[in-house]
Every structure is written in C-alpha cells, then in structure tokens.
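1. fold the following, please.
(2 chains)
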Amino acid sequence: MSEKIGKHIAIYGKGGIGKSTTTSNISAALAESGYRVIQIGCDPKSDSTTILRGGNDLPTVLDTLREQSKVRIEDISAVGFGGVLCIEAGGPVPGVGCAGRGINAAVELLQELKIFEEFKPDFVLYDVLGDVVCGGFAVPIRDGLADRAFVVTSSDFMAIFAANNLFKAVNKYAPSGGARLGGVIANSILAAYAPALIDDFAAKTGTQVIGYVPRSLVVAQSELYGKTVIESVPQSEQAQVYRKLAKYIDENEDSVIPKPLNSPELKKWAREWGDRIFEVETGVVHEMASI
Amino acid sequence: MSNHLEGSRNSCALHGALQLFEAIEGVIPVIHSTSGCGVQHYLGVTRLSGGNDPFSSPPVSSSNIAEKHVVFGGGSRLREQLKNTVKVVQGDLYAIVTGCSTEMVGDDIPAMAREGREQEWPVVYANTPGFSGDVHHGYHLALKALIEQLPGIWKRKGEFQTRLVNVWGIIPNQDPFWRGNLQELGRLLEGIGLVPNLLLGSEQGIAAWTQIPEAALNLVLSHWGKLPAGLLEQRYGTPSIILEGAPVGSAAVPLLRRLTEQLKLDQIRSEEFITREESLLNHQFARLADSYYRAGFQREFVLVGESAQVTGIGEFLGKSFGLLPRMLIITDNPPDNVQEALADRLSSIVSGYDTEVIFSEDRAEITDIIKTSDVQLILASSLEREVAVELDVPFLALSFPLDDRIVLDRGYAGYRGATALLEDIGSSILAFSNDRLFC
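-> Numbering: from 1, shown residues only, chains lettered A, B, ... in the order given. Next comes the predicted model:
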C-alpha cells in the first residue's frame, strides 16, 4: 500500500444509535476548521452522508459498479457541507447478497481510483455498521486502512453489546497492523445514570469515553432539514459538543487495544447495572450509602 | 491438532451431486457457482475416472457468478441461466446444484427452482456447497433432492411392482467401473427373474427414477446407499437388503438366494442360474491354473479403494482366488461405527492369516504404509503407481483416480466382474514377470 494520505478514522456503532449523525457532525466540524475531509459510509442503508449533502441523492459505489464497467470518482462522490467529499459504499437490498463482501469491493475500488491521492484529504472518516457481523465489516479496521476506530454507543445494553463486539474485532486485528481503539463516544445521553454506565464499561474494557453527546431536539430538527447541527445551528451548545469531539480526534492520537468482556462477564456486568438502576429508580437506600 | 492431507481422492459435495445427475440420462445439471467449480469437476473428477469423460470440455451449464452477484445476490443470474439452459439444451429434468460462494451469500435456490416449475420446466435443486462435505455427501444430497422433489413434478399412480428392485450405493465415477458393475448386477437380478431398476447409466432416465416408489425392494451395495434406502423405507415402506459392497464371484450366491426367498421367486430357476454362473467361474479358474502356478499368482497384496470396492474385491481375491490380503486401505472415510464393523469383518478374510485394515484418504500416509509393507502386488488407484514402481512389484489401477485406463463397460462386480478381475490381475502379473525376464 502506498503512503497513507491523511488520518483515517473508522467510526462504528450499533444500527440506529446515531453514528451517522455523529460522524457527519464531526466531519462538518473538521471541515469548518479548514480541513479537507472525506466521509465514506460503509452501511448498506447508504444514508451516512445524507445530512452533509442536504438530502440529495448520491449513487453508491456498488450500484455504480454494478451498472457500469468503468467508474469515475465523480460518479460516486458528491461535495457536501464545508467541501466534505461524500461517498456511500452501498450494498444489496435487505435479505439478499452479501453486504460484507460489498464493503470489501467498494473499498478496493476506492483504492483503485486513487481517491486519496486525488483529493489529498486531511481526514478520512469511515462510518461503519457496527455489529461487525462478519469479516467484511471489519475491512476498515483491517490491513491498516484506518489508524483508529471509535465506537458510538448509548447506555442501551444492545449498543454496549455491539461496542464490545467491535472491541473483539479491534483486539483481533490491531496486533497485526489493524486499527487501534481511539475511544468511546457516548451518545443520546438522557438518563442520569447513562454517563456512569458507559464510563464503567469503558473502564472495564481498558478504554475511555472521549465525549458525551446529549440527546437533543436540535439534532432531530437539523436532520429533518437534511443538515448537520454544525450547519443549521452553528451557535448551539450541541454544535459545540461535536466541535469538541472533532478537536479531540484532531489533536489527540491516544489509542489502545481494548480488552473486550467475554459473554458471561458482559452478562454479569449488565445484571449489576440492572440492579443499580432499579435501586436508583425505586429509591432503595443502603446502609452507609449515599445516592 | 489437525494433520495435513495430501492428494485426497474425495472431491467436494458439489462434485458428488454433479456425478449423480450426469449419470442419469436426460438430466441437465445447472451449476450455480463460480466458473471454477464446473472446470474442476472435469479436471479433478470425470477426467480421472477411466477416460469416459465428455469430449474435450465439461459441457455443464453454469451461472459463473462474479463479485457483483456475491454482493447483490446471485438469484437473478441463476434465473437467467436456467432460462437460457432450458432454451439451449433439451432435457427431461434440470437439476440446480450450488457451490460455496452462492451458499455463503444465501441465494434463495428453492425459490428459483419453484419459479422454473411455475413455467412448467421440470426443475429440482440440491444445496451442495463444497464446504458441507465430500463427494459422498454430495451423492447423498442429490439423491435426497430427487427422492423428495420428483414426486412433486411427476405424480405417478404408483402400482406396486413385485419384481422391481432399486439399486443404490454405486457412486458414478467415484467407482470408475460403475457402469459395468451396474450392468452385471442387473444381469444377475434378471437371471433370477427380477426387474432391476439400476437408475444410472445407459437407458436409465427419469422413467427409472419415477418408478422408484413402486419397487418391492431396495438393494444397497455400499454404506453410501443406506441413506436413500432409509428415505424410501420412511416414505413408501420399501424394505431393503444392505451389503457393504457389490458381491464379486461366488459372494453373489447368498444374495441371489436371499432375494429369491424374500421376494418369493422361482427357486428352481434361481438355483439353475446360480449353478450355471458358478460352473462358468470354476471353468475360468481351471483355465487359469497353469499361469497361476507358473507365474506365482498367489501373492500378498495391498488393495486401496472405497469401502465397497475393498470389501467386494478383497473378499473375492482372498476367499476364491487364493491371494493373501496383507493390507486393505479404505479411502472413503465412512463413519466410525461402519469402520469398526468393516475392520472386524475384513481382518480375517483368510483363515489363519491376519489382514490389516486401514482407513486413510491421505496419499502420503498410504504411500508410506505400502512402502513398509513388503507386499508383492498393489491393487490401488493411479496415485499408487509411483510406489509400485519404486517397490518393483506388479500393479493394477482399479480405484479412483484412474488416469491410465479406459473403462467403458468393464466391471469388477458379480461373476463377469470376477472373470475380468482374474484377467486383469493375471495380465498385470504376467506382464511384470515377462518384462523382468526379457529385459
């Protein structure tokens, strides 16, 4: 592989957890700071970059590959907010074909097209469907494609479960040149216990939370307008949260090989938190304990 | 800890299924896989089974899927391939078989077959990814597909035929002598008044397969024939006679008598037939006697092949021909309980003489075993020719893979098969002795 151009960051997270919104806002914040950014959606849903492009259509890499033998960069990319180059890998319709192989094929094509050499990005963000269900979804963190991976999670158990799965994949590939873990982005923070729960999971797995993104109406509104928060409400507190995340990713190179929990450990950890949350909600007072 | 395997003679499930479908007249297989699967079947299987492969290239329809079919699913490619195949090749039945990649992707093969049937094309399917098992498993998958799906295409009235016998367990090409063996078994069954339903080979087409439920009996001639017999017993209550290998020479007598008794045949006719066959075989033995003693045919031998071949041929050579089975090496990897039973049965073919029964599909291991065995005759596959040359002993290739013989209708089963064995083994020994005499 030729010398890597720009910092390559993979952002994983369970489907529907807000990882495309988070990634797009980070891309927008980086672009706002003057960086050249490429965002590549690696999800068959193909909606990673929608809010960077005002909701316009963008042919996916795989659809284009299927339709035409020769593919050009301009066929499969669009310039979005702040000059962010938006690309969607795409994939098959649900229940058909192999989405994992699709990610592989799309990434191979991007390398063949020398997209990084042409665009000369400072940052490349891969927004990847996060359960890492098969080898295809691990492509961005394998073979040294991305330098660091971040995981977006809420305090829901299934989101934590998906994050733990990503840790397993990072743990497997990092020693042989794959991406290391940059940290956890805590998203949709609403309940009082959520930051503590995610902090605890990060501590147990040897990583850290790099930012807390509160659940906010501004995000939902901006999305309905087909925009990032950075673009639609640049002065909002929420925009500041994303800028802080972008700044961290820009300035901080820390990364670890996480220590994922095994299945019984994860279940035990979840049960303990279940008990704790129940006690908080129902007001159980333990002797010598303060709540 | 796993061991490496060299030169296995057991190809993949897709090939096992293909071999079965190709052996039925009028059946057109359609491979749904990458382009290599069909070619590999030709290069690695049919071409190495006695030289009776189709001329020059594998004329098998294949969807030859590419990456886009993996990513987006290959269902539509198969639909198109099936439509084109029906247009171009006239057949009685189209049989879809699948390879590893399309099964990994999870293409909906039953739906494609159903679509074909809705257009009134006779289509069956078998999911046969190579990773699901070896050639024997593929044989099973194809048989299962036919037994379960054919009644949905052709609904026969199904009048019971008291003399009809289905024959199972001889795997086309994996037994290079399958055509001759089936023909001889058919002749023996006809000899005692039965109607053989051989199912594979010349003049064996869909008509044979649709009358399977009407048969009075299933005759199973290897471990691998037990599955279809079991399925038919469940579905139609057809009883079975199960043998571990096709009988060679006089080993046919107990089978013919059992059939006569079980199916209430004319006993006098059967005994007359047996007497005629026995006396002809004895006559052959007598004619062979001079060469037998002059060239020293009575040798310790090693026999390498599938369990059915090793059982049938090994017992004939040991019990009737006076040869000494030093080692029997079984390559088709039958399940543990069958291995135990075979080892038990075959270790004492000749009274007072121990036969070593070995199970291996590893060419390197088989070669090493033969090298250290002091045998005087090697009956094996073409893979063992090298070690025979090295040991400087007579050699006859008779099991898969077979690259130095043409097999059209020669067989080693039954009485005619026994005669053929005497001829071929005798010729090998004589040719070997003469070479050394005159060189």
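2. so chain A: which segments form each domain?
-> Listed domain ranges for chain A are A:7-260, A:261-291 (source: automatic domain parsing).
3. next, name the residue at the spatial heart of chain B.
-> Taking Cα atoms, centre = their mean, the centroid of chain B lies closest to residue B:171, which sits 2.5 Å from it.
4. was I right about that residue contacting residue B:137?
-> No - with contacts counted by Cβ atoms under 8 Å, residue B:171 stays clear of residue B:137, the gap being 11.1 Å. Every C-beta, even on glycine, is put in place using the N, C-alpha and C of the backbone.
5. is residue A:9 in a bridge, and if so with what?
-> Counting by DSSP bridges, residue A:9 forms beta bridges with residue A:125, residue A:148.
6. give me the number of residues near it?
-> By other Cβ atoms under 10 Å in any protein chain shown, 26 other residues sit near residue A:9.
7. grab the longest helix from the chain for me.
-> Going with chain A. Longest helix in chain A, counting residues (DSSP state H): helix A:263-282.
8. ah, I was thinking of chain B
-> Criterion DSSP H: the longest helix present in chain B is helix B:267-294.
9. moving C-terminal from it, which element do we reach first?
-> Counting by DSSP states H and E, the next helix or strand C-terminal to helix B:267-294 is strand B:300-305.
10. any idea how far residue B:422 is from residue B:114?
-> Look at residue B:114 and residue B:422: by Cβ to Cβ, to the nearest Å, they are 52 Å apart.
11. again, but for residue B:216
-> For residue B:216, the distance to residue B:422 - Cβ to Cβ - is 34 Å.
12. of the two, who's got more company?
-> Using other Cβ under 10 Å, the more surrounded residue of residue B:216 and residue B:422 is residue B:422, with 23 against 19.
13. shouldn't the more buried one be in contact with residue B:322?
-> No - if you go by Cβ under 8 Å, residue B:422 and residue B:322 don't touch, sitting 11.2 Å apart.
14. re the thing from before, which residue is the nearest non-sequential neighbour of the residue nearest to the centre of chain B?
-> Spatial nearest neighbour of residue B:171, chain neighbours left out: residue B:139 (5.1 Å); criterion: Cβ to Cβ, 6 or more residues apart in numbering or on different chains.
15. so the one you found makes contact with residue B:20?
-> Yes - look at residue B:139 against residue B:20 with Cβ under 8 Å: they come within range, at 5.5 Å.
16. can you list the residue ranges for strands in the stretch 201-350 of chain B?
-> Counting by DSSP state E, counting those that start in this stretch, the stretch 201-350 of chain B has strands at residues B:217-220, B:240-242, B:300-305, B:324-330.
17. what angle do the third one and strand B:324-330 make?
-> When you say that, I think you mean strand B:300-305. Inter-element angle recorded for strand B:300-305 and strand B:324-330: 20 degrees (by axes from the mean of the first three to the mean of the last three Cα atoms, to 10 degrees).
18. quick one: residue B:340 and chain A, what's the gap?
-> In this view, residue B:340 and chain A are 38 Å apart by Cβ to the nearest Cβ, to the nearest Å.
19. which residues does that residue contact?
-> Residues near residue B:340 by Cβ atoms under 8 Å, 6 or more residues apart in numbering or on different chains: none.
20. where in the chain is pLDDT low?
-> Answering for chain A, as no chain was given. A:1-3, A:284-291 (pLDDT under 70).
21. if you could check chain B rather than the one you did, that'd help
-> By pLDDT under 70, the low-scoring segments of chain B are B:1, B:52-58, B:157, B:438-439.
22. ok, 90 please
-> For chain B, the stretches with pLDDT under 90 are B:1-8, B:38-59, B:68, B:105, B:154-159, B:295, B:404, B:433-439.
23. please list the residues of it that sit near chain A.
-> B:67-75, B:104-107 (Cβ under 8 Å from any Cβ of the partner chain).
24. looking at those residues, which has the most residues close by?
-> Across the residues of chain B next to chain A, the neighbour count under other Cβ under 10 Å reaches its highest value at residue B:74, namely 31 neighbours.
25. hang on, it packs against residue B:34?
-> No - the criterion here is Cβ under 8 Å, and residue B:74 misses it with residue B:34 at 9.9 Å.
26. between these two, which contacts overlap?
-> residue B:65.
27. export the strands of the stretch 201-350 of chain B to CSV and tack on mean neighbour count?
-> Converted to CSV, those look like this (neighbours: other Cβ atoms under 10 Å in any protein chain shown):
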stretch, mean neighbour count
strand B:217-220, 24
strand B:240-242, 16
strand B:300-305, 26
strand B:324-330, 23
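28. would you list those in a markdown table and tack on distance to residue A:36?
-> Converted to a markdown table, the strands of the stretch 201-350 of chain B look like this (distance: least, Cβ to Cβ, whole Å):
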| stretch | distance to residue A:36 |
| --- | --- |
| strand B:217-220 | 72 |
| strand B:240-242 | 74 |
| strand B:300-305 | 67 |
| strand B:324-330 | 67 |
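29. closest one to residue B:60 among those strands?
-> Distance to residue B:60, taken as Cβ to Cβ, is lowest for strand B:300-305 among those, at 26.6 Å.
30. check which helices and strands that closest one sits against.
-> Applying 3 or more Cβ pairs under 8 Å, 6 or more residues apart in numbering or on different chains; DSSP states H and E, we find strand B:300-305 packed against helix B:307-319, strand B:324-330, helix B:363-371, strand B:377-381, strand B:395-399.
31. what's near enough to touch residue A:179?
-> Residue A:179 touches A:8, A:10, A:140-141, A:144-149, A:170, A:173, A:255, counting by Cβ under 8 Å, 6+ apart.
32. what does the stretch 51-200 of chain A have sitting close to chain B?
-> Listed as neighbours of chain B in the stretch 51-200 of chain A under the rule Cβ under 8 Å from any Cβ: A:62, A:65-66, A:91-93, A:96-99, A:101-102, A:105.
33. PyMOL command for the buried members of the contacts of residue A:179?
-> Selecting the buried subset of the contacts of residue A:179 in PyMOL, with 16 or more other Cβ atoms under 10 Å in any protein chain shown as the burial test, is done by:
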select buried, chain A and resi 8+10+140+141+145+146+147+148+149+170+173+255
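34. any idea which of the contacts of residue A:179 is closest to chain B?
-> residue A:140 (16.6 Å; Cβ to the nearest Cβ).
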